[in-house]
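> What follows is a predicted structure for the sequence shown.
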Amino acid sequence: MESIVRRTAIPGPRSQAILARKEAVVPAALSVHVPAVIASAEGALVTDVDGNTFIDMSGGIGCLNVGHSAPAVRAAMHAQVDLFSHTDFTVIPYEPYVELAERLVALAPGAGPKKAAFFNSGAEAIENAVKFARAHTGRPGLVAFSGAFHGRTLLAMTLTSKTHPYKAGFGPFAPEVHRAPYPYIYRAPAGVSAAEHGLACADELERMFTTHVAAESVAAVILEPVQGEGGFVVPPPEFLRRVQEICRAHEIVLIADEVQTGFGRTGRFFASEHSGLEPDLLVVAKSMAAGMPLSGVIGRADIMDAPGDSAIGGTYVGNPVACAAGLAVVEEIGRQGLLARAERVGAHIRRRFLDLQERFPQVGDVRGVGAMMAMELVEDRRTKAPARDLTGRVLTRAVQEGAIFLRAGIYGNVIRVLVPLVITEAQIDEAVDVLDRALQAESGR
Ligand code: PLP
């Protein structure tokens, strides 16, 4: 049985009416990817106010690893709402926060005592990770990588690499941020192995301590173990391990931004585990609480304890309803075996994408880890010129036909999958069939 239901053209009349109201009162910058207004969602399916049902391969930009409206998460949130919904944890503490911290410090890679602090958004957690690192080291400097995305607040935006649409026109930026190269195997110089390319990038980081900024002035190096917005760029493990060695040698805090990769997306609870990375601080958000605004920093207790009394916090941080959702998410990942499921979902998508790559010369690269899968579209496989416009047209057509895929990539030419891990194989096939037809129609074949 098909999951996609088409009752109207997209947008239908009810969506159109609400979108017209939106135009009048919501800033233009908050443009929408799917021109249809949601009424309800379950698992990997989203139904709009006109009765059209879409397969959601975007999962709210990777927030819904346990699926839309997961019954256990809903129940946990309802139960908490009926007790209390806010105190400010630093005014009156509550157990769900403490329990979630206990669960996450046990799950985070690395030996030794760890602690966790919660915030609202990924960007806010990034900002706070930097505060912990600066308080611990007494140093100002930060190193981030080409292609990185760490959020939209001033410091997180500064750490972010891509200029349009994230940075252009929004300067001046925060000081003390230095940029090192991140390995991009598909676009590496010809004849260089993945490991060599990764190690060359790590060497460049080391060289920066002579040419750009003294190592003893650097508080933290911050990286995504697999780049998300940057285009699902998977670095060779040699790169990650070498960066860790460099950080240890210079007593620089290594921050892993697992906002997009965490909570089972890549087939491990944290993507750092794939390469044996043991970050000093690990930043989480997105799928952590199934779409509730909750983020966190988990890390070495000595670093987490460095800021002084009341130096870390915020009115809403670690909201009790969000923490209850977070606890239910951790339970569900275990109960439903979602780590193994991520591997199977990813393997299925990879097979389907590799088939597309065989049939469409525009599919230049298929890559990913676990269920974090993507394909990069190019004008020409030899020059690898990014096919940005084609990517937009394919995505738009796929939405019209009922499958929601997202764009990513430093050049805007990557189609990425952040699907709820509870999706069925039949739904994956249906969604990829839509993508297949969109590629056929838009690539002129
Ligand atoms: N870090 C990474 C790796 C992300 O993918 C994102 C969001 O996409 C962020 C940080 C920022 O998170 P938020 O949008 O919750 O501020």
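Perfect, thanks for sending it. Numbering: from 1, shown residues only.

> what comes up buried for stretch 74-94?
Ala76, Met77, Gln80, Phe89, Tyr94 (16 or more other CB atoms under 10 Å). All C-beta atoms are positioned from the backbone trio N, CA, C, and that covers glycine.

> hang on, isn't the last one packed against Pro320?
Going back to what we said before, that points to Tyr94. Yes - in this structure, Tyr94 is within contact of Pro320 by CB atoms under 8 Å, at 5.1 Å.

> Give me the common contacts of those two.
Any residue near both Tyr94 and Pro320 by CB atoms under 8 Å, 6 or more residues apart in numbering counts here, and that gives Phe84, Thr87.

> re the thing from before, next step: the buried residues of stretch 74-94 restricted to strands.
Of the buried residues of stretch 74-94, none are assigned to strands by DSSP state E.

> Make TSV from the residues you listed and add pLDDT to it.
Listed next are the buried residues of stretch 74-94 as TSV, based on pLDDT from 0 to 100:
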residue	pLDDT
Ala76	98
Met77	98
Gln80	98
Phe89	98
Tyr94	98
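
> Nearest to Ala202 among those residues?
Phe89 (38.7 Å; CB to CB).

> and the closest one, what is it in contact with?
Per CB under 8 Å, 6+ apart, neighbours of Phe89: Tyr97, Phe118, Gly313, Val317, Gly318.

> Stretch 41-53 spans what distance, first to last residue?
One end of stretch 41-53 to the other measures 9 Å (CA to CA, to the nearest Å).

> Same question for stretch 389-408.
One end of stretch 389-408 sits 13 Å from the other (CA to CA).

> Off-centre distance for that stretch?
19 Å (CA atoms, centre = their mean, to the nearest Å).

> Buried residues, that stretch. List them.
390-391, 393-408.

> Out of these, list just those in strands.
Residues of those located in strands (DSSP E): Ala403, Ile404, Leu406, Arg407, Ala408.

> what bridges to the last one?
Okay, so that is Ala408. Beta bridges link Ala408 to Val414, judged by DSSP bridges.

> Spit out the contact partners of it.
Neighbours of Ala408 in contact, by CB under 8 Å, 6+ apart: Gly228, Glu229, Gly230, Gly231, Phe232, Ala374, Val414, Ile415, Arg416.

> what are the ranges of the helices in the stretch 251-400 of the chain?
301-304, 320-335, 338-359, 388-400 (DSSP state H, counting those that start in this stretch).

> Nearest to the ligand, out of those?
Across those, the ligand has its closest neighbour in helix 320-335 (12.4 Å, CB to the nearest ligand atom).

> Check which helices and strands that closest one sits against.
Applying 3 or more CB pairs under 8 Å, 6 or more residues apart in numbering; DSSP states H and E, we find helix 320-335 packed against helix 71-83, helix 95-107.

> any bit of it sitting next to the ligand?
No - Helix 320-335 lies out of reach of the ligand by CB under 6 Å from any ligand atom, never closer than 12.4 Å.
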